[in-house]
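Predicted model, plus sequence, below.
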Amino acid sequence: MSSDFALIHLENIQKIYGEAEAKTYALRGVDLEIKEGEFIAIMGSSGSGKSTMMNIIGCLDEPSEGRYSFQGVDIGSLNRNQVSLLRRNFMGFIFQGFNLLARTSAVENVELPLIYRGMKGSERRAKALEALHKVGLESVVDHHPSQLSGGQQQRVAIARALATDPLIILADEPTGNLDTQNSLEIMKLLQELNDEGITVIMVTHEAEMAAFAQKVVIFRDGLIENIKENHHAL
């Protein structure tokens, strides 16, 4: 469910590590536009630049050259605190390794980003429970990660991202540690969230998972090699 509004605009994005003879280009001048409400899969072999691109989109890293605009705002013009606020208020992150606190319950894990926002306890708990209900985990809110399956842990991670009401979800290999059945369930959940209007950007190496996206952006040697439209996204 995409609109014509350019949520993200990347122009001549380069990422360079090292200097002189040790200089390495992770990204060599990438141009990409992502519209509000799109579901984008980013693919490519190891070292292709896809993870670097995801980190830049998520404001976890800065480009060496080029311009990144988010909702028309030049990210390069913002200071560190402003970038942190943008990330906290507009972006939700899902990682391959779940990144849950082991000694903390599911609902407390989901509350964590809301604590950083300064949200009051009762409101925070209500938002976390609502997010867990949305991903079908209302029966295990008090369980710790060790008491949950891999699929359930990833759903907690998705609930944690959802609790902040993000405009965009960035998912880095969200099914990488899951079996096929759990992977498909997570992808269907991401697709449902996208149908509700959340922009989803996902890095994956699995074509079966990329088939859920509307568009597949393929990286090779720090450049976009191809962009494929999935006219029959699953």
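All right, it came through fine. Residues are numbered from 1 along each chain as shown.

Do you have the strands of the chain handy? List them.
Counting by DSSP state E, the chain has strands at residues 6-17, 24-35, 39-44, 65-70, 73-74, 91-95, 168-172, 199-203, 215-220, 223-229.

for those strands, which one sits closest to residue 143?
strand 91-95 (19.1 Å; CB to CB). Glycine gets a C-beta too; all of them are placed from N, C-alpha and C.

Just list what the closest one packs against, helices and strands only.
Applying 3 or more CB pairs under 8 Å, 6 or more residues apart in numbering; DSSP states H and E, we find strand 91-95 packed against helix 150-162, strand 168-172.

Flag the shaky bits of this protein, pLDDT-wise.
By pLDDT under 70, the weakly predicted segments of the chain are 1-4, 232-234.

what about the residue nearest the centre of it, distance to residue 65?
The residue lying closest to the centre of the chain (CA atoms, centre = their mean) is residue 170, at 0.8 Å. Residue 170 sits 22 Å away from residue 65, going by CB to CB, to the nearest Å.

same thing with residue 23?
In terms of CB to CB, residue 23 sits 13 Å off from residue 65.

out of those two, which sits in the more crowded spot?
More crowded of residue 23 and residue 65, by other CB atoms under 10 Å: residue 65, with 13 against 9.

what's the closest residue to the more buried one other than its chain neighbours in contact with, if anything?
Spatial nearest neighbour of residue 65, chain neighbours left out: residue 14 (4.0 Å); criterion: CB to CB, 6 or more residues apart in numbering. By CB atoms under 8 Å, 6 or more residues apart in numbering, the residues touching residue 14 are 25, 27-30, 63-66.

Just grab the bridge partners of residue 14 for me.
Residue 14 forms beta bridges with residue 28, residue 65, as assigned by DSSP bridges.

Among the contacts of residue 14, find me the one that's closest to residue 214.
residue 30 (19.3 Å).

I'd assumed residue 221 was in contact with that closest one.
No. With contact defined as CB atoms under 8 Å, residue 30 does not reach residue 221; the gap is 11.4 Å.

more crowded one of those two?
Neighbours per residue, other CB under 10 Å: of residue 30 and residue 221, the larger number sits with residue 30, 22 against 14.

and for residue 23 and residue 65, which residues touch both?
The contact lists of residue 23 and residue 65 share residue 16, where a contact means CB under 8 Å, 6+ apart.

biggest helix in this structure by residues?
Ranked by residue count, the top helix of the chain under DSSP state H comes out as helix 180-195.

ok, residue 148 - contacts?
By CB under 8 Å, 6+ apart, residue 148 lies in contact with 106, 140, 156.

picking up where we left off before, would JSON lines of the strands of the chain with distance to residue 115 be doable?
Converted to JSON lines, the strands of the chain look like this (distance: least, CB to CB, whole Å):
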{"stretch": "strand 6-17", "distance to residue 115": "27"}
{"stretch": "strand 24-35", "distance to residue 115": "29"}
{"stretch": "strand 39-44", "distance to residue 115": "29"}
{"stretch": "strand 65-70", "distance to residue 115": "24"}
{"stretch": "strand 73-74", "distance to residue 115": "26"}
{"stretch": "strand 91-95", "distance to residue 115": "15"}
{"stretch": "strand 168-172", "distance to residue 115": "20"}
{"stretch": "strand 199-203", "distance to residue 115": "25"}
{"stretch": "strand 215-220", "distance to residue 115": "34"}
{"stretch": "strand 223-229", "distance to residue 115": "38"}
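
Which among these is found nearest to residue 135?
Closest approach to residue 135 among these is made by strand 91-95 (11.2 Å; CB to CB).

Show residues contacting the closest one.
58-59, 154, 157-158, 160-162, 164, 166-174.

So what are the sheet partners of it and their directions?
In the sheet, strand 91-95 lines up with strand 168-172 (parallel) (DSSP bridges).
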